[in-house]
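Undergrad: Need coordinates for the following:
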Amino acid sequence: MHRRSAMAWHSATFVIALFMVSLGGCTLPAGRVQPCPPAAVPACPPPVVIQQHPQEVPASGGKQEPVPLRQPAPPTTTPPPARDAEIGDVLRLPQKIEPYAAAAGERLKIGDNCHDSLLGEFMARCFAPWTRTAPFFDLAEEKELMTKVAHGTWYGENRRLVPSKFLQELLDNCSLETFPSLNEAAIAVAPAHLRGLPTRLPFFERRDGYPFDMLQYPNVKLNEPLRVLHASRDGIWLYVETAYTCGWIEARDVALADAGFVTSWMERQQMVIVRDYTTITDDRGGITYRAKIGTILPLVSEGEAEWTVQIAAPGEARKAAGSTARIPRAAAARFPLAFNRDNVALIGDQLVGQPYGWGEMYGMRDCSATLRDFFLPFGIWLPRTAADQIASVPNQADLASLTPTEKDEAIRWLGVPFHTLLYKPGHIMLYVGTDQEGRPLVFHSTWSVRVKEATGERQHFIGKAVITTLEPGKEMGLVKGTTILDKATSLATITDRCATSPPPAK
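TA: Residues are numbered from 1 along each chain as shown. Alright, predicted model coming up:
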């Protein structure tokens, strides 16, 4: 995807193809990131099959056996409609991270030096909106993009064409004649959404384009560092940079951060939310938020049953002020978490099965947001989009020229469970090991697969985060050439960042 989902209009043909073909329906490849030079894939020896977590030996003794594959659910008297049926992988494979983390064993470990390197990179990029003084992104390009969008053809929430008058009003409200007009450090005082233009209304490329709203940019988490670059003419919206993207955010969700606030905030021990959608209530104002996994909060004090953390609140003249909130001990941990079996399962098991959310629509996650939030509690930085995520790792293995059989062997040979990213254009996945038949498995949030029918083809919707083979939905009769094996172009292992300098943050 482009650096954000709205960049999709740069190549409408690619977007439409992605919508119709997509296994992921994830945000589109960024056109601005130069991929790392691909590494040659070595000839593959016989694959090493990672056994799944063994069952406990019964008291009477006996041989340990691998965890069996999940068996298909028994037939019911009224089977679900074919269009709403689960794909075979979801019924057959355990849909929990824990058994795969257990099977990975020692391969999960990240050495101390590598861990320190990854954490240093994370902290530098997380706080970059406060520490850099000049905009990171090309604002002339951003200005041109907003103008191009406002002159485009879009369908609205009512499946009708968005009126040209409304598009012009949006463009006027951007006040681009003075863009950018500000350059101030700020912080998110509530979970919020970034948008491509200053409006909550969706823009679809087709009448039936749901859920692919081309103005939908990622969520901003509570307490996330920002830099304000511009304000809309009506003052309701601010144009901001985050550590990984830029876009419009409602001004009520932002407070300006002076130098003293920034210094104090960055010097504290940080906590990280490890229970998704944890309720956080501001002790001063009584306002309650739901914080997603990966939300970072400075620690104030520690109690037997709860943590007291600092949250940002708007003060006088919209200046950021520190407030406090108390959260249960089980909901947060000292940042970063150790990358081990228990913690990988803790975070991953909460993400498996979550509904797919294009651009984090409705507070959900798409493919890249799922992996970004998976790694965030461990202090491992991932950019926001699928293309940027794979490009952020050096020494990528080029799979594009391989046959599906060769790709299968290369992934098993090169993949490190929970460290290796697998990419096909528009979609990112996490390699988690192999099943009992030696087939590579991936964890990913995906939208649909393309299925053949007598009258043509249709989409079969998966619509959630799942663990699958590289041919999910194969039993349904997929359109030829549309599997992950067919489409995969590269893989990369995150710990390879420890040996070389990473590319610029996105």
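Undergrad: all helices of the stretch 201-350 of the chain, in order?
TA: Secondary structure of the stretch 201-350 of the chain by DSSP state H, counting those that start in this stretch: the helices cover 259-267, 341-351.
Undergrad: now those helices in CSV, with distance to residue 92?
TA: (Each C-beta comes from the backbone N, C-alpha and C, glycine too.) Formatted as CSV, those follow (distance: least, C-beta to C-beta, whole Å):
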stretch, distance to residue 92
helix 259-267, 47
helix 341-351, 18
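Undergrad: between these, which gets nearest to residue 278?
TA: Among those, the nearest to residue 278 by C-beta to C-beta is helix 341-351 (10.9 Å).
Undergrad: so where is the stretch 51-200 of the chain shaky, pLDDT-wise?
TA: 51-83 (pLDDT under 70).
Undergrad: can you give me the helices for it?
TA: Counting by DSSP H, counting those that start in this stretch, the helices of the stretch 51-200 of the chain are 88-92, 98-104, 112-126, 128-131, 139-150, 164-173.
Undergrad: wait, which of those is closest to residue 405?
TA: helix 88-92 (19.1 Å).
Undergrad: Model confidence for the closest residue in space to residue 496 that isn't next to it in sequence, exactly?
TA: Spatially, and ignoring its direct neighbours in sequence, residue 496 is nearest to residue 395 (4.9 Å; C-beta to C-beta, 6 or more residues apart in numbering). For residue 395, the model assigns a pLDDT of 90.
Undergrad: And residue 395, how far from residue 215?
TA: Residue 395 is 36 Å from residue 215, where distance means C-beta to C-beta, to the nearest Å.
Undergrad: Show me which of those two is the more surrounded one.
TA: residue 215 (25 against 14; other C-beta atoms under 10 Å).
Undergrad: surely that one meets residue 196?
TA: Yes - counting by C-beta atoms under 8 Å, residue 215 touches residue 196, with 4.0 Å between them.
Undergrad: now the strands: where do they sit in the stretch 201-350 of the chain?
TA: Shown for the stretch 201-350 of the chain, the strands assigned by DSSP state E, counting those that start in this stretch span residues 216-220, 225-231, 237-241, 246-250, 254-256, 270-273, 278-281, 288-291, 296-302, 306-314, 320-328, 332-334.
Undergrad: Take the ones you listed and write them to TSV, including distance to residue 202.
TA: TSV is the format used below for the strands of the stretch 201-350 of the chain (distance: least, C-beta to C-beta, whole Å):
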stretch	distance to residue 202
strand 216-220	7
strand 225-231	22
strand 237-241	16
strand 246-250	14
strand 254-256	22
strand 270-273	28
strand 278-281	28
strand 288-291	22
strand 296-302	30
strand 306-314	28
strand 320-328	31
strand 332-334	34
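Undergrad: Out of these, which gets nearest to residue 382?
TA: Proximity to residue 382 (C-beta to C-beta) singles out strand 216-220 among those, at 11.9 Å.
Undergrad: Which elements pack onto the closest one?
TA: Judged by 3 or more C-beta pairs under 8 Å, 6 or more residues apart in numbering; DSSP states H and E, the packing partners of strand 216-220 are strand 192-195.
Undergrad: quick one on the thing from earlier: can you tell which of the strands of the stretch 201-350 of the chain is closest to residue 498?
TA: Closest among the strands of the stretch 201-350 of the chain, using C-beta to C-beta: strand 270-273, at 21.1 Å.
Undergrad: and the most centrally placed residue in the chain, what element?
TA: Closest to where the C-alpha atoms of the chain average out (C-alpha atoms, centre = their mean) is residue 369, at 1.1 Å. In this structure, residue 369 sits in helix 367-375 according to DSSP states H and E.
Undergrad: tell me the angle that helix makes with helix 341-351.
TA: Relative orientation of helix 367-375 and helix 341-351, computed by axes from the mean of the first three to the mean of the last three C-alpha atoms, to 10 degrees: 150 degrees.
Undergrad: Let me know the next secondary structure element after helix 367-375.
TA: Trace forward from helix 367-375 with DSSP H and E and the next one is helix 386-391.
Undergrad: Tell me how far the very next helix or strand once past that next one lies from the chain's centre.
TA: Using DSSP H and E, the helix or strand that follows helix 386-391 towards the C-terminus is strand 397-398. From the chain centre to the centre of strand 397-398 is a distance of 22 Å (C-alpha atoms, centre = their mean, to the nearest Å).
Undergrad: What helices and strands are in contact with strand 397-398?
TA: On a contact count with 3+ C-beta pairs under 8 Å, 6+ apart, strand 397-398 meets strand 490-493.
Undergrad: And the contacts of the strand it packs on?
TA: Residues external to strand 490-493 that are found in contact with it (C-beta atoms under 8 Å, 6 or more residues apart in numbering): 35-36, 38, 390, 393-400, 410-411, 414-416, 419-423, 431.
Undergrad: are any of those residues buried, and which?
TA: By neighbour count, with 16 or more other C-beta atoms under 10 Å, the contacts of strand 490-493 hold 35-36, 38, 390, 393-394, 396-399, 410-411, 414-416, 419-423, 431 as buried.
Undergrad: mind listing what residue 404 touches?
TA: Counting by C-beta under 8 Å, 6+ apart, residue 404 has contacts 483, 485, 486.
Undergrad: Distance from the chain centre to stretch 425-438, please.
TA: That offset, for stretch 425-438, works out to 16 Å (C-alpha atoms, centre = their mean).
Undergrad: Return the set of buried residues in that stretch.
TA: Those buried within stretch 425-438 under the rule 16+ other C-beta under 10 Å are 425, 426, 427, 428, 429, 430, 431, 432, 433, 434, 435.
Undergrad: now swap in stretch 104-116 and tell me
TA: For stretch 104-116, the neighbour count (16+ other C-beta under 10 Å) marks 104, 108, 109, 110, 114, 115 as buried.
Undergrad: Could you dump the residues you listed into JSON lines with distance to residue 260 added?
TA: JSON lines is the format used below for these (distance: C-beta to C-beta, whole Å):
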{"residue": "104", "distance to residue 260": "45"}
{"residue": "108", "distance to residue 260": "41"}
{"residue": "109", "distance to residue 260": "40"}
{"residue": "110", "distance to residue 260": "35"}
{"residue": "114", "distance to residue 260": "35"}
{"residue": "115", "distance to residue 260": "31"}
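Undergrad: with these in mind, which one is nearest to residue 144?
TA: For the buried residues of stretch 104-116, the minimum distance to residue 144 (C-beta to C-beta) is 40.1 Å, reached by residue 114.
Undergrad: Assess the claim that the closest one and residue 494 are in contact.
TA: No - the pair residue 114 and residue 494 does not pass the contact test of C-beta under 8 Å, sitting 9.4 Å apart.
Undergrad: From residue 102, how far out is residue 302?
TA: For residue 302, the distance to residue 102 equals 30 Å [C-beta to C-beta].
Undergrad: that older thread, can you name every helix or strand that the helix holding residue 369 contacts?
TA: So helix 367-375, by 3+ C-beta pairs under 8 Å, 6+ apart, packs with helix 341-351, helix 386-391, strand 427-434, strand 440-453.
Undergrad: Sort out which residues of it are buried, please.
TA: Under 16+ other C-beta under 10 Å, the buried positions of helix 367-375 are 367, 368, 369, 370, 371, 372, 373, 374, 375.
Undergrad: quick one on the thing from earlier: out of residue 302 and residue 102, which sits in the busier spot?
TA: Taking other C-beta under 10 Å, residue 302 and residue 102 do not tie; residue 102 has more neighbours (20 against 13).
Undergrad: Return the distance of the more buried one relative to residue 94.
TA: 11 Å.
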